[in-house]
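Peer 1: Sequence plus the predicted model coming up.
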Amino acid sequence: MNNRVLSLVLSRLLIAVITLVIVSFAVFFATTLLPGDTASILLGQAATPEAVEGLRKAMHLDEPAIFRFLRWIVGLLQGDLGISYANEMPVADLIGGRFVNTLQLAGVTALFSVPIALTLGITSAMLRGSPYDRIVTVLTIGVISVPEFMIATSAVLIFAVYLKWLPALSFANEVTSLTDLLRIYAMPVITLSFVISAQMIRMTRAAVIETLNTPYVEMALLKGASRPRMVFRHALPNALGPIVNAVALSLSYLLGGVIIVETIFNYPGIAKLMVDAVSTRDLPLIQSCAMVFCLGYLLLITTADIIAILSNPRLR
Amino acid sequence: MTMTHSETKSARISGTRLGYRFNIVGMVGLSIILFWALVAIFAPLIIPYPVGEIVDLDYFGPMSRDFWLGSDYLGRDMLSRILMGARYTVGISLAAVTIACFSGVVLGMIAAVAGGWLDTILSRLLDALNSIPSKLFGLVVVAAVGSSIPVLILTLSVVYIPGAYRFARALAVNINAMDFITVARIRGESTLYLIRSEILPNIIGPVLADLGIRFVFIVLLLSGLSFLGLGVQPPYADWGALVRENIGALPFGAPAVIFPSFAIASLTISVNLLIDNLPQKIRDRSE
Amino acid sequence: MVNLVEIRDLKVEATTDSGRKVEIIKGVSLDVAEGEIVALIGESGSGKTTIALTLMGYARPGCRISGGSVSVAGNDLVTLTEKQRAKVRGTEVTYVPQSAAAAFNPAATIMDQVIEITRIHGLMPVVEARARAVELFRALSLPEPETIGSRYPHQVSGGQLQRLSAAMALIGDPKLVIFDEPTTALDVTTQIEVLRAFKSVMKKGGIAGVYVSHDLAVVAQIADHIVVLKAGEVQEAGTTEEILSNAKHPYTRELLSAFEPKPREAADAAESAPAPLLKIENLVAGYGASKCDGLPLVRAVEDVSLKVGKGRNLGIIGESGCGKSTLARAIAGILPAAVGKIVFDGKELGRSARERTRDQLREMQIVFQYADTALNPAKSVEDILDRPLVFYHGMNARARSLRIDELLDMVRLPRNLRHRRPGELSGGQKQRVNFARALAADPKLILCDEITSALDTVVAAAVIELLKELQRELGLSYIFISHDLSVVEAICDEIVVMYGGRKVEDITPARINAPHHPYSQLLFSSVPKLDPAWLDGLEQDPELVRAYCRR
């Protein structure tokens, strides 16, 4: 790695950090917009004004927002995510287990969909214009065009209602055997895979087609190279950056999809936790969940950008 | 004689530029879009039953002669509810996409032409806004200030301003590097003139196509939020909310849960089909 | 079988964007004998590259060979299957592309790509292929032949890549090599070396070649036969001698006459020095953040001074990267100069266009090389010409309409073109509109930045003629920036030679054949002449070449 690449990567990381600061700022102030006085909500209607005042002090609600923001950020950095308003447990404990559940779901989905999506994307680019390519293209447009909940409900209708293969709901605490595991993950994974695969196929196909149209691939053709050689020797090595970029970006769609999927299948992950927290107005919990999501998202986009920089042969 | 000839020729060309010519698939997409637009406008005149009235004794009723698309969880007519739902889904999305694209495109062009620190700051801020997943953003804002239709419209537009901005900026930066902009600059033209007369006419085609794609995203996000119970609130219901209301019918596969989904899919797929079949020139996207 | 290549009644069809089918090659026949080099010459769109590619049985996407036969060494490539064609490509027929920089895969080393043909067709063991490649590198006089193969394409220069692509074409001992404008993107001083290398390798191996070019003088050096093409048809064919000395077809004559030097009338030179219209003193300009002494990081123009008299023309000549375009931009105020004075019509101008008055901007106009990007594709010719009339002169609609007619007449364009958009015009027409827009401002000085470089020879010659006429009528002054000596010679009273950001010499037409500065001598002697013996007879001081050529 030479200096130019290093400085590009470092500047990308710096941008990520700056973005994270702006995002945390935005998350904090969006959540403080929540209507009503938190202290009086927590204590209920019967609380005396003195009690409310006392709690406000204890929670530092009487301080200017900027101080509370700094206090919150410092807490985050020290791993102190605050105490949940709803059940007075540390937020870190609430999130911990749920976060692992969501990571499992995302991990299984990625393992499942990345190979399939890449194969479909690359082959349809190679066979551009063929009936196979058209079918893949139409299907991906179809999947991209419908909301996630519709894919989820269709999956339920097909696999649970008509075929009766799988249960409609997931409960991760009842895992006793491999079949249980399969049955629990199947529905959410199928739904999420559809959602992110469609994106990935589209972007991969576009990236490969772009490199297939370059003069050096035409040159390979004029050297007498076979089609597979043109694709695997000349197009793919140059499309690698854009493809990995596409994978990382598609995985970031997982974060949006997971909110709907966990809700619909009642999956005990962090997104479900957050949707519930929104309905109980559990401020620290919402903030922390939002930060976890943004961090994950930022991590994926930054990784995508850095891979794009590293894979550029001109920077070697 | 020659004048009229060249006149018609230039009219044809600008027609192509705005995308008046498409193939059959594009035409089908366009007709479905127009159908839903007309439904959204005339819904109160064509619904067979009042939307709020319980007309069927059964709930989750099947399709029948009286109730073409069955009845919902309270026994209300689904057809009427879907037709009225078009108003919310199409109306809110259209308003949001207009605001998002207008602000995004104007900011993007200004950033591209002005360059320098203004460009850097705008781009950084909007990129940061972009690193909040859209559903999460909707979730937090709607939870914070409650869900009313104006709040929904504003939230949806804010979510999609960064995308519209990036798209328009990328196009405008390309145009801005052209020599005819340099010529106009050293003629002494103002920034406003550059944006309005030199850049906008060259990016309007792709920008309109982008507006269509962003419209699809907004319909999907709105439906998703409504499905989570954070979108349009009862007694009103858009298509996403109709799916939520009737999700109980899922185990029986009743029409009440299927048809609102179909309505969403028909609209979004049509827009995508229309855009994918626009002439190549308009679809050329620099993203 | 007498000839290696026999093309008979070849037809190629292209599908346009609107789905219509157009015949772009209309029944072309030609022959190439063993060991002979045939040049295909013609302007852009004449179909020369399309014909050359059919020799490999290949038509670009959207095109299709629709009739005729293309036989190479007894095989008719039109009737072969794609698999059989792949066997011919790289072994019997090979290709040297116009832009080697784009034709090399950026992700693989040069050696891997040069010997790829031997791998694809299993011609020889890798070790042998590498040794042969090094031999070829040496024969093509590439520097460091032993190690250059281990580099990546972006690490070597354009002239080297062009020769490396020839090595790539020659590795499989082909019978026929197709050269597709292989020196068009190179500077003249570099072109000589590349041409020499090509010529010696081809002659030594007795390999037949098809050389596609738009430049008759280049072709004259290397080809045995010349085929002149226009609009997908053969206009004239013959030996190089015949075509150069005894052309029959009017189009060929037109091509040839565009080469004849037409120096400006001596009358102008006799005039005693007129008052200077523009005076540049010690200009420094460049790019990048300015350092603490106020100078830019990368200095593209270094301490240049020059003068342009009223009604006189100044040519600025130099190779790519010599700073000539940056100088034009600094004069126009697009890229403000860091240091120096610009005095125009007796008044000192602001360095940035923003600091100049509207009248000052109006009196100095600039015309760019690529009319495609200099004209807004979304506006009609009328709207394009209209704006300066409103902006500078505040004319009313009627006056503007009349003036637009006048302007179109001045640049010899039909008036009914005013409703068209730039995309519907030819390259020459676009450049005329581009020029008319500058005229609309009623300027005193027009900066012409390579305005003929993107045009075909014949069209460029007509544009130069037009410029001369307008100068006589309107008393304009031009600063004419070009890499092409013949263009500058044809129109300028005085020539400035630039190298590495500096002005190396001031030349008047009287001394055009005897420049003093060694770089000017090298540059002037490198311009190809129509004489076929020119390249072989040319002797350049190798010291000089080494000092000034970056290849």
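Peer 2: Nice, thanks for sending it over. Numbering: from 1, shown residues only, chains lettered A, B, ... in the order given.

Peer 1: got any ranges where the stretch 51-200 of chain C has weak pLDDT?
Peer 2: By pLDDT under 70, the stretch 51-200 of chain C has no low-scoring segment.

Peer 1: Tell me where it has helices.
Peer 2: Remark: helices assigned in the stretch 51-200 of chain C by DSSP state H, counting those that start in this stretch are C:82-88, C:100-103, C:110-114, C:116-120, C:126-139, C:158-170, C:188-205.

Peer 1: Any chance of CSV for those, columns mean neighbour count and distance to residue C:532?
Peer 2: Using the backbone N, CA and C atoms, a C-beta is placed for each residue, glycine as well. Converted to CSV, the helices of the stretch 51-200 of chain C look like this (neighbours: other Cβ atoms under 10 Å in any protein chain shown; distance: least, Cβ to Cβ, whole Å):
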stretch, mean neighbour count, distance to residue C:532
helix C:82-88, 16, 31
helix C:100-103, 22, 26
helix C:110-114, 23, 31
helix C:116-120, 22, 32
helix C:126-139, 17, 23
helix C:158-170, 26, 21
helix C:188-205, 19, 11
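
Peer 1: got CSV for those, with distance to chain A too?
Peer 2: As requested, the helices of the stretch 51-200 of chain C are exported to CSV (distance: least, Cβ to the nearest Cβ, whole Å):
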stretch, distance to chain A
helix C:82-88, 5
helix C:100-103, 4
helix C:110-114, 8
helix C:116-120, 5
helix C:126-139, 13
helix C:158-170, 8
helix C:188-205, 18
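
Peer 1: Would you point out the helix or strand in the chain whose mean pLDDT is lowest?
Peer 2: In the absence of a named chain, chain A is used. Ranked by mean pLDDT, DSSP states H and E, the weakest helix or strand in chain A is helix A:38-43, scoring a mean of 62.

Peer 1: you looked at the wrong chain, it should be chain C
Peer 2: helix C:266-270 (a mean of 46).

Peer 1: Quick check: what element follows that one along the chain?
Peer 2: Per DSSP states H and E, the first helix or strand lying C-terminal to helix C:266-270 is strand C:276-290.

Peer 1: Leaving out sequence neighbours, find the closest residue to residue A:8.
Peer 2: Distance criterion Cβ to Cβ, 6 or more residues apart in numbering or on different chains; nearest residue to residue A:8, sequence neighbours excluded, is residue A:309 at 5.0 Å.

Peer 1: per-residue confidence at that neighbour?
Peer 2: We have a pLDDT of 81 for residue A:309.

Peer 1: Also residue A:140?
Peer 2: pLDDT for residue A:140: 89.

Peer 1: State the distance from it to residue C:529.
Peer 2: Distance, residue A:140 to residue C:529, by Cβ to Cβ, to the nearest Å: 59 Å.

Peer 1: neighbour count winner among those two?
Peer 2: residue A:140 (22 against 15; other Cβ atoms under 10 Å in any protein chain shown).

Peer 1: In this structure that one contacts residue A:202, no?
Peer 2: Yes. The criterion here is Cβ atoms under 8 Å, and residue A:140 meets it with residue A:202 at 5.3 Å.

Peer 1: Identify the residues contacting the residue nearest to the spatial centre of chain A.
Peer 2: Centroid-nearest residue in chain A, with Cα atoms, centre = their mean: residue A:255, separated by 2.6 Å. With contacts defined as Cβ atoms under 8 Å, 6 or more residues apart in numbering or on different chains, residue A:255 is in contact with A:293, A:296-297, B:133, B:135-136.

Peer 1: What is the neighbour count of the nearest residue to it once chain neighbours are set aside?
Peer 2: Take residue A:255 and drop its neighbours on the chain: the residue closest to it by Cβ to Cβ, 6+ apart is residue B:133, 4.7 Å away. Each residue near residue B:133 was counted by other Cβ under 10 Å, and the total is 23.

Peer 1: Residue B:133: what's it in contact with?
Peer 2: Counting by Cβ under 8 Å, 6+ apart, residue B:133 makes contact with A:252, A:255-256, A:293-294, A:297.
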